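S.K.: Need coordinates for the below:
(one chain, ligands or ions: 1)
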Amino acid sequence: MNKVNYSKETEKILEQIAAGAGPEEGQAPRLLLHSCCAPCSSYVMEYLREYFDLTVFYYNPNITAEKEYRYRLAEEKRLIEAYNRQVEEGSFTGMHSTAKARRIKIMESPYDPDNWYQAVRGLEDCREGGSRCFVCFETRLRETARQAAAEGFDWFTTTLTISPLKNAARLNEIGQKCAEEYGVPFLPSDFKKKDGYKRSIELSSMFGLYRQNYCGCEFSRRQQDPDRE
Ligand code: SF4
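M.R.: Next up, the predicted model:
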């Protein structure tokens with residue numbers, strides 16, 4: 001079976017939007033962007049903000065310890081503020097950031113780890129990249145799709161495909177499934193392609209962003225650092 005080039009799929013949709021396909025003449029489609037953290041969202045926001053009216057959705061009940069969760073959220077907000085200042089001042093430095101870039105909004109969900117632990121019960125010992133991660137992706141994407149439908153967004157997607165450690169094909173399949181369930185289109189992606197991952201490292205360094213050394217859950221933290229309490 002031929003592998004889908006999700007990066008090309010994104011490009012095709014962006015070309016249609018640039019050519020005027022949208023909810024109404026001159027209006028950018030609204031996209032709810034699930035974000036796991038500021039570093040991963042840095043390139044994705046830079047890439048998409050010329051095409052969409054973006055709202056970042058911070059829903060990550062997988063993150064272990066509320067302190068870590070709040071710190072990643074604060075970094076996300078700090079980056080969005082910096083991007084919005086660029087829009088106000090017209091001071092773009094990025095490869096995709098031009099005067100067409102729009103302000104970005106943020107929507108946050110309450111910290112809700114209990115439901116996440118329930119969803120991954122029995123999968124605690126899976127290595128990162130295995131079945132626990134697929135359940136984790138689905139938990140976050142389903143809630144994003146649900147919110148997108150409830151709030152009347154035109155599209156939804158996630159920053160997660162920027163990570164070389166995450167299965168982009170599986171993420172796209174799950175996104176598509178949630179799209180069908182909630183009736184909101186999922187923007188397919190493989191954001192690490194076209195030097196997207198490399199650019200996220202550059203942007204993280206440019207904005208001095210906190211880059212955690214583990215994915216998020218307590219199991220990934222233990223896998224990374226077995227001696228840590
Ligand atoms: S390793 Fe990351 S994607 Fe996998 S279950 Fe943990 S937090 Fe979720």
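S.K.: contact partners of the lengthiest helix in the chain?
M.R.: Longest helix in the chain by number of residues (criterion: DSSP state H): helix 66-89. With Cβ atoms under 8 Å, 6 or more residues apart in numbering as the test, helix 66-89 has contacts from 35-38, 41-42, 45-46, 49, 56, 58, 60, 63, 91-93, 97, 101-106, 108, 111, 207, 209-210, 212. (Each C-beta comes from the backbone N, C-alpha and C, glycine too.)
S.K.: again, 7 Å this time
M.R.: With Cβ atoms under 7 Å, 6 or more residues apart in numbering as the test, helix 66-89 has contacts from 35, 37-38, 41-42, 45, 56, 58, 60, 63, 92, 97, 101-104, 106, 108, 111, 207, 209-210.
S.K.: Among these, which ones are in helices?
M.R.: Per DSSP H, these map to helices at 38, 41-42, 45.
S.K.: Take those residues and lay them out in JSON lines including distance to the ligand.
M.R.: Output for those, formatted as JSON lines (distance: Cβ to the nearest ligand atom, whole Å):
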{"residue": "38", "distance to the ligand": "16"}
{"residue": "41", "distance to the ligand": "16"}
{"residue": "42", "distance to the ligand": "18"}
{"residue": "45", "distance to the ligand": "20"}
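S.K.: Would you reformat those as a markdown table and include neighbour count?
M.R.: Compiled in a markdown table, the ones in helices among the contacts of helix 66-89 are given as follows (neighbours: other Cβ atoms under 10 Å):
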| residue | neighbour count |
| --- | --- |
| 38 | 28 |
| 41 | 30 |
| 42 | 29 |
| 45 | 26 |
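S.K.: Around the ligand, pick out the residues from the chain.
M.R.: Contact residues (Cβ under 6 Å from any ligand atom) of the chain with the ligand: 62, 128, 132-133, 136, 215-217, 219-220.
S.K.: Could you turn the buried ones of these into a PyMOL selection?
M.R.: Selecting only the buried entries of the residues of the chain next to the ligand in PyMOL, with 16 or more other Cβ atoms under 10 Å as the criterion:
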select buried, resi 62+128+132+133+136+215+216+217+219+220
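S.K.: how about the longest helix of the chain: buried residues?
M.R.: Neighbour-count burial for helix 66-89 flags 68-69, 72-73, 75-76, 79-80, 82-84, 86-87 (criterion: 16+ other Cβ under 10 Å).
S.K.: Ok, stretch 9-23 next?
M.R.: Neighbour counts over stretch 9-23 (16+ other Cβ under 10 Å) mark 10, 13-14, 17, 22 as buried.
S.K.: Please list all residues in contact with residue 148.
M.R.: 32, 156, 182, 184.
S.K.: Check it and give its pLDDT.
M.R.: Listed pLDDT for residue 148 reads 98.
S.K.: From the ligand, how far out is it?
M.R.: 21 Å (Cβ to the nearest ligand atom, to the nearest Å).
S.K.: Next one: the one residue sitting closest to the centre of the chain relative to residue 224, how far apart?
M.R.: Nearest to the mean C-alpha position of the chain, by Cα atoms, centre = their mean, lies residue 159 at 2.3 Å. For residue 159, the distance to residue 224 (Cβ to Cβ, to the nearest Å) stands at 20 Å.
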